[in-house]
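J.: take this sequence and fold it.
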Amino acid sequence: CGTTWLAYRSWTKKSACPNVETSDNPVKQGFSMEKVPPNLDVIVIGSGMGGLTTAALLAKQGKKVLVLEQHDIAGGNLHTFTEKGYEFDTGLHYVGGKIGDKRSPARKLLNYITDEEVEWEQMDDVYDVAISGNEEYHFCSSWTKLKKELKRSFPGEAIAIDKYFEIVHKTAEYIFPVFMMLKMLPESAFNVCTWLFCRQLGIFTKTTKQVLETITSNRKLMGVLSYHYGDYGEVPGRGAFVMNALIASHYR
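T.: I've put the predicted structure just below:
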């Protein structure tokens, strides 16, 4: 089995960070050149979710991996902080991807990199509440329940609501996986395939706002259906609809 080392940037000219205690715990060790092991296979820059996942996967395949981090604690956006007695997360706050199903790819990956030591607690059926003015819209993992609630709140938009979920499902479950497989092809083959299937893949060039405008003119409904743009950090007028679809489908 491989090994992963974690080291931090030294903020002084000394070889070790004076603000971090000497410890056998890799997430509490300051950086020094003396600690860098020889004959490394891989150096990962940054100890966020992506960096740690990559390092863990490589180490499990027998590689000698060093993770470098300039902050004094590992984790990136997995950090939490406390303010006035309340704990806040800086990034991750819930996980979808059918984590509750041990057969799902996401659950298998997480079990693999954590040696199945992380236990997952199922959230309440309502995982988010979108608020517009004085009105609340409860988003739940069941699309059947969600569509019923949205149709009750927007009685004249039943067709648009059904159409939205149809496009989201098609994009997240079919078009996106096919596109990712095409990306593995040589560039010339990829270009030919994207030309042949330009109509189906055209969704990749659309913003969330552009897609929503094709199914409804109700601005409030458009806002509710795109409320989770904060999860991927881009407003509907600029953010890709594909990302909106992946997030909306993620918590089913």
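
J.: what segments of the stretch 151-252 of the chain are strands?
T.: With DSSP state E, counting those that start in this stretch, there are no strands along the stretch 151-252 of the chain.

J.: which stretches of it have low pLDDT?
T.: Applying pLDDT under 70 to the stretch 151-252 of the chain picks out no residues at all.

J.: got the residue ranges for the helices in it?
T.: Secondary structure of the stretch 151-252 of the chain by DSSP state H, counting those that start in this stretch: the helices cover 158-170, 176-182, 187-196, 198-201, 208-213, 219-225, 241-250.

J.: tell me if I am right that E87 is in a strand.
T.: Yes - according to DSSP: H, G, I helix; E, B strand; the rest coil, E87 belongs to a strand.

J.: measure the residue nearest to it when sequence neighbours are not counted to Q122 for me?
T.: Spatially, and ignoring its direct neighbours in sequence, E87 is nearest to T80 (5.4 Å; C-beta to C-beta, 6 or more residues apart in numbering). Yep, even glycine has a C-beta here, placed from its N, CA and C like the rest. Relative to Q122, T80 is positioned 21 Å away (C-beta to C-beta, to the nearest Å).

J.: among those two, which residue is more densely surrounded?
T.: T80 (12 against 8; other C-beta atoms under 10 Å).

J.: any figure for the gap between the more buried one and G96?
T.: 20 Å.

J.: kindly report the same for A55.
T.: Distance from A55 to G96, by C-beta to C-beta: 24 Å.

J.: which one of the two has more residues nearby?
T.: Neighbour count, other C-beta under 10 Å: between A55 and G96, A55 has more, with 24 against 18.

J.: hang on, the more buried one packs against Q61?
T.: No - using C-beta atoms under 8 Å as the test, A55 is too far from Q61 to be in contact (11.0 Å).

J.: list the buried residues of stretch 170-177.
T.: Across stretch 170-177, burial judged by 16 or more other C-beta atoms under 10 Å covers T171, A172, I175, F176.

J.: show me the two of the residues you listed that sit farthest apart.
T.: Using C-beta to C-beta, the buried residues of stretch 170-177 span at most 7.9 Å, a distance reached by A172 and I175.

J.: which residue is the nearest non-sequential neighbour of I45?
T.: With C-beta to C-beta, 6+ apart, the residue lying closest to I45 is L68, at 5.3 Å.

J.: so what strands line up beside the helix or strand harbouring that neighbour?
T.: In this structure, L68 sits in strand 64-69 according to DSSP states H and E. Using DSSP bridges, strand 64-69 pairs in its sheet with strand 3-8 (parallel), strand 42-45 (parallel).

J.: mean confidence score for it?
T.: Over the span of strand 64-69, the pLDDT mean works out to 91.

J.: just how off-centre is that strand within its chain?
T.: Counting by C-alpha atoms, centre = their mean, to the nearest Å, strand 64-69 is centred 22 Å from the centre of its parent chain.
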